[in-house]
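# Give me a model of this one.
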Amino acid sequence: MKKRKVSFKQVFKEIISTVVLALIIALLIIKFIGSTTIVDGISMEPTLKTNDFILVNRIGFLLGDLEPGDIIQFHSPNNKKKDFIKRVIAVEGDTVEIKNNRVFVNGNELVENYTMTKGITGYKDEKHWEIGKDEVFVLGDNRDYSNDSRTFGPIKKDSIVGIAFLRIYPFKEIKKF
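Okay, here's the model as predicted:
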């Protein structure tokens, strides 16, 4: 058998084409299927902290309904260039009420083991929202320090970027949501 000699130029060309193809595939996945984001702020503590690096599924919510408890990334209602990360509390057809510093959905008090505080401290006014078609109601887990649906009302589904499904950094806190 005769050994075939491979030139450095051929190897280099093969490596470059493989890297370019991998980058194109990665960009397509990030653009259409999933993306990454870095948490900025304390509104989702203790679940998510500043500088947590999370993966967001960009098509999952398009294929199925969002559910209360899902953590989503969405465009701010006041600044489309800024994204927020919050927890879905209620979906289309639900009623949300805040009474006596407690959150109620469809008349039932939410049992939340993920919040920073029990209830919403310092929230004296009673509030009531009807969640309309293609809307969700979102709250931060750190209720005392969250700009959420209490301020801007329910959000439209078309402003949702995706559902957070995995924290990948810090490495010691990798977690699937």
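# In this structure, where is pLDDT below threshold?
1-3, 30-32, 118-125 (pLDDT under 70).
# Helices of the chain, residue ranges please.
Secondary structure of the chain (DSSP state H): helices located at 8-32, 60-63, 149-152.
# for those helices, which one sits closest to Asp134?
helix 60-63 (11.5 Å; CB to CB). For glycine as for every other residue, the C-beta is placed from the backbone atoms N, C-alpha and C.
# and the closest one, how far out from the chain's middle?
13 Å (CA atoms, centre = their mean, to the nearest Å).
# likewise stretch 50-61?
5 Å.
# in it, what's buried?
Within stretch 50-61, the residues scored as buried using 16 or more other CB atoms under 10 Å are Asp52, Ile54, Leu55, Val56, Asn57, Arg58, Phe61.
# Now do the fourth one against Ser159, distance only.
By that I understand Val56. 14 Å (CB to CB, to the nearest Å).
# What of the third one?
Spatial separation of Leu55 from Ser159 under the definition CB to CB is 20 Å.
# one step back: just send the buried residues of stretch 50-61 back as JSON lines, with distance to Ser149 too.
Converted to JSON lines, those look like this (distance: CB to CB, whole Å):
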{"residue": "Asp52", "distance to Ser149": "22"}
{"residue": "Ile54", "distance to Ser149": "21"}
{"residue": "Leu55", "distance to Ser149": "24"}
{"residue": "Val56", "distance to Ser149": "19"}
{"residue": "Asn57", "distance to Ser149": "21"}
{"residue": "Arg58", "distance to Ser149": "22"}
{"residue": "Phe61", "distance to Ser149": "17"}
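# From those, pick the one nearest Phe177.
Distances from Phe177 to those, taken by CB to CB, are shortest for Ile54, at 8.2 Å.
# list the contacts for the closest one?
Each residue near Ile54 by CB atoms under 8 Å, 6 or more residues apart in numbering is listed here: Thr36, Thr37, Ile38, Val39, Leu48, Ile85, Ala164, Phe165, Leu166, Arg167, Ile168.
# Name the nearest residue to the first one, ignoring sequence neighbours.
In space, Thr36 comes closest to Leu55 once its chain neighbours are excluded; the distance is 5.8 Å by CB to CB, 6 or more residues apart in numbering.
# now swap in the third one and tell me
Counting by CB to CB, 6+ apart, Phe53 is the residue found nearest to Ile38 once chain neighbours are left out, at 5.5 Å.
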